[in-house]
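In: below is the sequence, then the predicted model.
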Amino acid sequence: MTEHFKHCQNAACEYFPCHKGVDQAVFNCLFCYCPLYFLADCGGSPAWRGLVKDCSGCFLPHAPGGYEAVQQRLGLAYAELRAGIAPRTLGQKEEE
């Protein structure tokens with residue numbers, strides 16, 4: 001079975017590549033809008049500007065292995081939800 005579903009690239013996009021730091025030959029556009037954005041602890045490397053999450057310096061979903069990383073983190077979030085544990089999402093204040 002092929003795994004072509006894990007990668008797509010739109011080099012014709014006017015924003016390509018939207019994140020610097022990933023080799024354009026392997027840059028993955030599959031998660032153009034990261035499905036982990038709503039999680040405060042997404043597993044990536046976002047910067048925080050107050051309560052605003054800035055993902056412009058993160059390339060986790062766009063680099064090799066990004067598909068697996070996104071699926072693993074989503075699986076964990078859904079497992080927590082099934083266990084009755086609400087994930088820490090954006091907009092919540094940090095623990096004092």
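Out: All right, it came through fine. Residues are numbered from 1 along each chain as shown.
In: contacts and neighbour counts: CA atoms only from here.
Out: Fine.
In: can you list the weak-confidence ranges in this protein?
Out: 91-96 (pLDDT under 70).
In: repeat the analysis, applying 90 as the threshold.
Out: Counting by pLDDT under 90, the chain contains low-confidence residues at 1-3, 17-22, 40, 48-52, 56, 86-96.
In: now the helices for it?
Out: For the chain, applying DSSP state H gives helices covering 66-82.
In: in it, which spans are strands?
Out: 47-49, 52-54 (DSSP state E).
In: quick one: which of those strands is nearest His62?
Out: strand 52-54 (15.5 Å; CA to CA).
In: and the closest one, which strands flank it?
Out: Applying DSSP bridges to the sheet, strand 52-54 is found paired with strand 47-49 (antiparallel).
In: any idea what Trp48 is bridged to?
Out: Applying DSSP bridges to Trp48, the residues it is bridged with are Lys53.
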